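Return atomic coordinates for the entry below.
(2 chains)
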Protein chains: 2
Amino acid sequence: MVVYLNWEKYEAFVKDVFMAYGVPEEDAEICTDVLLDADWKGIDSHGANRLRPIYIKRIKAGIQSATTDWKVVKETPTTAVIDGADGMGQVVSYHAMKLAIKKAKEYGMGMVVVRNSTHYGVAGYYTDMAAKEGCIGASGTNARPSIAPTHSVEPKLGTNPFSWAMPTDEEFPFSFDAATSIIQRGYIELWDRDGRKAPAGTVVGADGGPMTEPSEILPALVKGEAALAPLGGIGEDLGGYKGYDFATIVEILSAAPQAGNFLSMLSGLDEEGKPTAKYHLGHFFIAIDTEAFVGRESFEKTAGEIVRELRAAKKAPGSDRIYTAGEKEHEARQERAKTGLPVNKSVQEDLIWLRDDAGLTQYKFDFEE
Amino acid sequence: MVVYLNWEKYEAFVKDVFMAYGVPEEDAEICTDVLLDADWKGIDSHGANRLRPIYIKRIKAGIQSATTDWKVVKETPTTAVIDGADGMGQVVSYHAMKLAIKKAKEYGMGMVVVRNSTHYGVAGYYTDMAAKEGCIGASGTNARPSIAPTHSVEPKLGTNPFSWAMPTDEEFPFSFDAATSIIQRGYIELWDRDGRKAPAGTVVGADGGPMTEPSEILPALVKGEAALAPLGGIGEDLGGYKGYDFATIVEILSAAPQAGNFLSMLSGLDEEGKPTAKYHLGHFFIAIDTEAFVGRESFEKTAGEIVRELRAAKKAPGSDRIYTAGEKEHEARQERAKTGLPVNKSVQEDLIWLRDDAGLTQYKFDFEE
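Numbers count the residues shown, from 1 in each chain, chains lettered A, B, ... in the order given. Coordinates of the predicted model:
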């Protein structure tokens, strides 16, 4: 059963959890802010559900460090390479985008790449940081292999999100944050629970054809006998090579400017095939100051007019609304401000487990029996 | 019947055609180089077939000017806004990317946007310019409305290409140049001639469903009663909103930094609905110097290793090869160096028409009767 958490209490709890496992307070605030950004936006695949199985589990397993001794290893007026020292991906990424924005404010543009990092949360958190400062923001990261190249059945590329945000004259920016695959694994788990099929074309099987049965897809993905299809689907008919190319662009931008790991190196398995290896992920962060062109106000007005004209386009019969990127997330934020954060049974169990494991006895949850 | 043209003679002819209609010699060389880039790469939708119906027709109709009095209207260390003065899009775009590269070489990054421009040819020409100089290149342009937003049936966004090129340690760069729709109109014309159907999901009809019959699609597109689907297809099932968002990113980057025209303003129709209006297209050009990170050689090595690992992935049964972006174009170039440029009957007629209209009596074609 879904219950609704009080935001203030949940936020304090998440921060205390990070600190309990060794994350310094200032860093714990960043990690909390990134995690809650997904919760607020309704991106339930990257919020509360990730706290235990991704971040805390990996800290406990020694795959990533709770402290983040990041340092700039090369810098020019507009660019920098930062080493994330296998710490918290969110922390180094926050500082990386901060630096990119600072450079953009000074020189017009900034691009910072990060090496030796870990899972950085929702890409849109960082691009939104740029948009809030009147900058165009772009970011991406590589990840564990899961997308098969066009004409291949082997998971090679990560779901490699390519996020872009642009300031507008509205209350919220144009904010695009999506994997370059059609779907992510989390959807398949959801469909499995709900007894639904995966749309044909989202997952490619070992025979090169579509797989649609979630109960068959999930074990096949684990064994590498199925892979996610890139945006555009399997083969070339619906432009699958374009999604594959976008995933490759993100892979190159994430790894090549910092001489980092890529593709199969990111499997998370050590030489003996055990899931204990450090990830050494790479990310990139770009900020471009709109003030450096015709000015922020003018940019925001044009961008706003574009999204408004798109929303006002003629609707398909049976569709009652046309959205632009970031709009659904903006509405989720408003809705959830009223309701609190909805969490399902599995997340409730995670929170209790974390409370007990971390010894945060001051917290009691309404949903406890 | 397809005939093969001698490259040297064809190149000289194209340049003479541009000059005959008033394009200054230096500019005619750029226009020729951009047009032939498509011909060499096998992108037959953007090469010889475009010379008469796009460029020369528009110059003759006064929609664009043969001379290009471009000027920089704003500049910072890394950015610039250029006015294209309704001249040749290729000319202002060439100079815009040149300037972006110059800024990248000096400051690490450069971004130049262009206003009041016209059709700029293949986007990949400009990003390849960056890659040849050891820079990451990105470019895009807005265009006449043809893509319907997700949940809409109205053509709103241009096919808005989003091109990226990266230098590698191979003979040719990673070079991605594609529309953010699944297909372009040219494909439908081709399928119509060949008696083939359009794959379901590439074109959306007024009822919100797929159209597959080219002979019905073509008149419907003209009347605005059909639209191209974004990459990812119709609706949200296969991620169509992601392609729609990429098209929107290109629309915003093309128009907002230069306060330019966008969406329905780019229909090419004047107030009375006549196809005589100037386009006032916008483009953007980004160059990022790989030397500003861990160094060009290192970048190229990593990028090269990524594309090689992708090509070596396990093939789908029945597929005999996995390509990376730019590879097919590289091979077309090698093949066409041997064969000459293949041109069909319709292009042959165009060339004869242009020769006669321009009075270039010194040219005789082998295919003339």
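
Look up how far residue A:285 lies from residue A:348.
34 Å (C-beta to C-beta, to the nearest Å). Heads up, the C-betas are built off the backbone N, CA and C, glycines and all.

mind giving me the domain ranges of chain A?
For chain A, whose domains are defined here by automatic domain parsing, the residue ranges read A:1-60+A:340-369, A:68-178+A:238-325, A:183-228.

Figure out how far the second one is from the centre of its chain.
This points to domain A:68-178+A:238-325. Average the C-alpha atoms of domain A:68-178+A:238-325, do the same for its chain, and the two points are 9 Å apart (C-alpha atoms, centre = their mean, to the nearest Å).

what does the shortest one give?
Relative to its chain's centre, domain A:183-228 lies at 20 Å (C-alpha atoms, centre = their mean).

close to chain B, is it?
Yes: part of domain A:183-228 sits near chain B under the criterion C-beta under 8 Å from any C-beta of the partner chain, namely A:183, A:199, A:201, A:202, A:204, A:207, A:208.

which of the residues you listed count as buried?
For the residues of domain A:183-228 next to chain B, burial is judged from neighbour counts taken by 16 or more other C-beta atoms under 10 Å in any protein chain shown, and it is met by A:183, A:199, A:201, A:202, A:204, A:208.

Can you verify my assumption that the second one contacts residue B:237?
Going back to what we said before, that points to residue A:199. Yes: between residue A:199 and residue B:237 there is a contact under C-beta atoms under 8 Å: 4.5 Å.

Next, count neighbours for residue A:228.
Other residues near residue A:228 come to 29 when the count uses other C-beta atoms under 10 Å in any protein chain shown.

Tell me the bridge partners for the closest residue to it other than its chain neighbours.
Spatial nearest neighbour of residue A:228, chain neighbours left out: residue A:181 (4.1 Å); criterion: C-beta to C-beta, 6 or more residues apart in numbering or on different chains. Per DSSP bridges, the residues bridged to residue A:181 are residue A:230.

ok, the residue of the stretch 101-250 of chain A found nearest chain B - contacts?
Residue nearest to chain B within the stretch 101-250 of chain A: residue A:208 (3.2 Å; C-beta to the nearest C-beta). Each residue near residue A:208 by C-beta atoms under 8 Å, 6 or more residues apart in numbering or on different chains is listed here: A:153, A:234, B:316, B:317, B:318, B:319.

Could you give the number of residues near the fifth one?
By the criterion of other C-beta under 10 Å, residue B:318 has 9 neighbours.

who touches it in this structure?
Residue B:318 is in contact with residue A:208, counting by C-beta under 8 Å, 6+ apart.

leaving aside the residues next to it on the chain, what's closest to residue A:121?
Leaving out its chain neighbours, the residue that sits closest to residue A:121 by C-beta to C-beta, 6+ apart is residue A:34, at 4.1 Å.

ok, now how distant is that neighbour from chain B?
When C-beta to the nearest C-beta, to the nearest Å is applied, the distance between residue A:34 and chain B equals 22 Å.

Between residue A:348 and residue A:285, point out the one with more neighbours.
Between residue A:348 and residue A:285, counting by other C-beta under 10 Å, residue A:285 is the more crowded of the two (32 against 19).

Now that one: which helix or strand?
Secondary structure assigned from DSSP states H and E places residue A:285 in strand A:281-289.

and after the helix or strand bottoming out on mean pLDDT in chain A, which helix or strand comes next?
When the helices and strands of chain A are compared on mean pLDDT, DSSP states H and E, helix A:185-194 comes out lowest with a mean of 88. Using DSSP H and E, the helix or strand that follows helix A:185-194 towards the C-terminus is strand A:203-205.

Residues in contact with that next one: which ones?
Where contact means C-beta under 8 Å, 6+ apart, the residues beyond strand A:203-205 that reach it are A:148, A:153, A:183, A:188, A:210-212, A:217, A:220-221, A:225-229, A:234, B:316.

and that strand, average pLDDT?
Over the span of strand A:203-205, the pLDDT mean works out to 98.

Tell me the helix or strand right after it.
Downstream of strand A:203-205, the next assigned helix or strand under DSSP H and E is helix A:214-222.

next structured bit after that following helix?
Per DSSP H and E, helix A:214-222 leads on to strand A:226-228 as the next helix or strand towards the C-terminus.

ok, now how distant is residue A:142 from residue B:254?
Here the criterion is C-beta to C-beta. By it, residue A:142 lies 28 Å from residue B:254.

check contacts around residue A:7.
Going by C-beta under 8 Å, 6+ apart, residue A:7 touches A:36, A:336, A:337, A:340, A:341.

10 Å instead, please
Residues in contact with residue A:7, defined by C-beta atoms under 10 Å, 6 or more residues apart in numbering or on different chains, are A:36, A:39, A:40, A:336, A:337, A:339, A:340, A:341.

Out of these, grab the one that's most surrounded.
Note: the member of these with the most neighbours is residue A:39, at 28 neighbours, neighbours being other C-beta under 10 Å.

List phi and psi for that residue.
The phi and psi values for residue A:39, taken as degrees, to the nearest 10, are phi -60, psi -50.

Now do it against residue A:97, distance only.
Distance from residue A:39 to residue A:97, counting by C-beta to C-beta: 20 Å.

repeat for residue A:270
The spacing between residue A:270 and residue A:97, counted by C-beta to C-beta, is 31 Å.

Equivalent analysis for residue A:299, please.
Applying C-beta to C-beta, one obtains 19 Å for the distance of residue A:299 from residue A:97.

and after the helix ranked longest in chain A, which helix or strand comes next?
Under DSSP state H, the helix in chain A containing the largest number of residues is helix A:89-107. Scanning the chain past helix A:89-107 towards its C-terminal end, the next helix or strand to appear is strand A:109-117 (assignment: DSSP H and E).

Okay, now the sheet partners of that following strand, with direction.
Each strand that strand A:109-117 pairs with, and the sense of that pairing, follows from DSSP bridges: strand A:79-83 (parallel), strand A:281-289 (antiparallel).

what's the angle between it and helix A:89-107?
Using axes from the mean of the first three to the mean of the last three C-alpha atoms, to 10 degrees, the interaxial angle of strand A:109-117 with respect to helix A:89-107 works out to 160 degrees.

What residues sit buried inside strand A:109-117?
Going by 16+ other C-beta under 10 Å, strand A:109-117 has these buried residues: A:109, A:110, A:111, A:112, A:113, A:114, A:115, A:116, A:117.

Let me see the confidence value for the fifth one.
Note for residue A:113: predicted pLDDT of 98.

Wait, it touches residue B:294, no?
Yes: applying C-beta atoms under 10 Å, one finds residue A:113 in contact with residue B:294, separated by 8.7 Å.

what residues are shared contacts of these two?
With contacts taken as C-beta under 10 Å, 6+ apart, the residues that reach both residue A:113 and residue B:294 are A:74, A:81, A:256, A:257, A:258, A:259, A:260.

what's around the second one, how many residues?
The burial metric for residue A:81, expressed as a neighbour count using other C-beta under 10 Å, is 23.
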